[in-house]
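Student: Quick one: sequence plus predicted model below, questions after.
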Amino acid sequence: MEKQNGYLTLELLSDIELFYSEKVSSNLIILSDDEFHHCTRVFRKKNGEEIFVTDGKGRIYFCRIKTISKKDLTAEIISVKSFQEKFPDFIFCIPLLRNKERFRFAIEKLIELGITKIILYKAQRSVTDKINTDKLNKVAIETIKQSLQAILPEIKFITSLDKLNQYDGNKIIFDQKVNRKFEKQLIKNIERNYFIFGPEGGLTEEEINSIDDKEIYSLAENRLRTETAVLKVASVITV
């Protein structure tokens, strides 16, 4: 990473450790709780050392640690770089999955690829109906830090698929039984696109019929697991 006037620039962020904080003022940032622990105990950062912090709102701050107490640290902001959402009109709608690891995998990969809007829903064939929002938020924070993203995803939960009708935009459902294959050029760039995936066993006919103004596509001749389908679509539309 290059320096200008003795300070590291924010042009190259591939070899940094990124921390997260919502406690940002005009010239100071405070790290507390898990972020404070990681910074001071895991990475053993000391007074005067430089760190990078994101507020999850599109900004990454280059800072120098000013003070360290028993519960938090304060860092002085030296410079800041702003980032825009890469895909603000792509919303992924994912059912609650029985396998927690596969569910987490789908969320992580979406965030890594730059998707910042995710809607979770309870499908009629979902085995589980419970979601730990605090744990999911921690997963999102850890993922943006690991992948050096500056925007914390917006993750919503709806109780049933028909609730999507309250949102304006193009609804795209993926169903193995249809013959029309999905391709990137089919996306309508003039409006928001909601990509809807079914759970284990797929969506019911009732659920599919409950969505207004929808388009239905298949992704492969063989049946894909939900997390595989999610990753395939995200990979196609983000390249």
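Tutor: Perfect, thanks for sending it.
Student: domain assignment for the protein?
Tutor: According to automatic domain parsing, the chain comprises the domains 3-82, 90-237.
Student: mean pLDDT lowest for which of these?
Tutor: Mean pLDDT is lowest for domain 3-82 among the domains of the chain, at a mean of 89.
Student: quick check, distance from that domain to the centre of its chain.
Tutor: How far domain 3-82 lies from its chain's middle: 21 Å, per CA atoms, centre = their mean, to the nearest Å.
Student: before we move on, what about stretch 190-210?
Tutor: Centroid separation for stretch 190-210 versus its chain: 20 Å, with CA atoms, centre = their mean.
Student: can you give me the end-to-end distance of it?
Tutor: One end of stretch 190-210 sits 24 Å from the other (CA to CA, to the nearest Å).
Student: likewise stretch 96-104?
Tutor: Where stretch 96-104 begins and where it ends lie 10 Å apart, using CA to CA.
Student: Residues in contact with that stretch: which ones?
Tutor: Contacts with stretch 96-104, where a contact means CB atoms under 8 Å, 6 or more residues apart in numbering, come from 94, 106, 120-123, 126-131, 139, 199-200, 225-227. Just so you know, the C-beta spots here come from the backbone N, C-alpha and C atoms, and that holds for glycine as well.
Student: Can you flag the buried ones in those?
Tutor: When these are checked for burial by 16 or more other CB atoms under 10 Å, the buried set is 94, 106, 120-123, 126, 139, 199, 226-227.
Student: Next step: the residues you listed restricted to strands.
Tutor: The strands, defined by DSSP state E, take in 94, 120-121 from the buried ones among the contacts of stretch 96-104.
Student: Tell me how many other residues surround H37.
Tutor: Applying other CB atoms under 10 Å, we find 13 residues neighbouring H37.
Student: and what of K57?
Tutor: By other CB under 10 Å, 12 other residues sit near K57.
Student: circling back: export the ones in strands among the buried ones among the contacts of stretch 96-104 to a markdown table and tack on distance to Q149?
Tutor: What follows is these, written out as a markdown table (distance: CB to CB, whole Å):
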| residue | distance to Q149 |
| --- | --- |
| I94 | 18 |
| L120 | 19 |
| Y121 | 24 |
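Student: closest to S32 among the residues you listed?
Tutor: L120 (27.9 Å; CB to CB).
Student: Run through who's touching stretch 172-188.
Tutor: 170, 193-198, 202-203, 208, 211, 214-220, 223-224, 229, 233, 236-237, 239.
Student: ok, so of the ones in strands among the buried ones among the contacts of stretch 96-104, who is nearest V24?
Tutor: Set against V24, the nearest of those by CB to CB is L120 (27.9 Å).
Student: Pairing partners for the closest one in the sheet, please.
Tutor: L120 has the following beta-bridge partners by DSSP bridges: I94, F157.
Student: Any figure for the gap between it and V230?
Tutor: From L120 over to V230 the distance is 12 Å, taken as CB to CB, to the nearest Å.
Student: hey, what's in contact with both of those two?
Tutor: Jointly contacting L120 and V230 under the rule CB under 8 Å, 6+ apart are I94.
Student: what's the most distant pair in the buried ones among the contacts of stretch 96-104?
Tutor: A123 and V139 (20.6 Å).
Student: show me what contacts the spatially closest residue to G169 that is not a sequence neighbour?
Tutor: Closest residue to G169 apart from its sequence neighbours, by CB to CB, 6 or more residues apart in numbering: R192 at 3.4 Å. Shown in contact with R192 (CB under 8 Å, 6+ apart): 89-91, 167-170.
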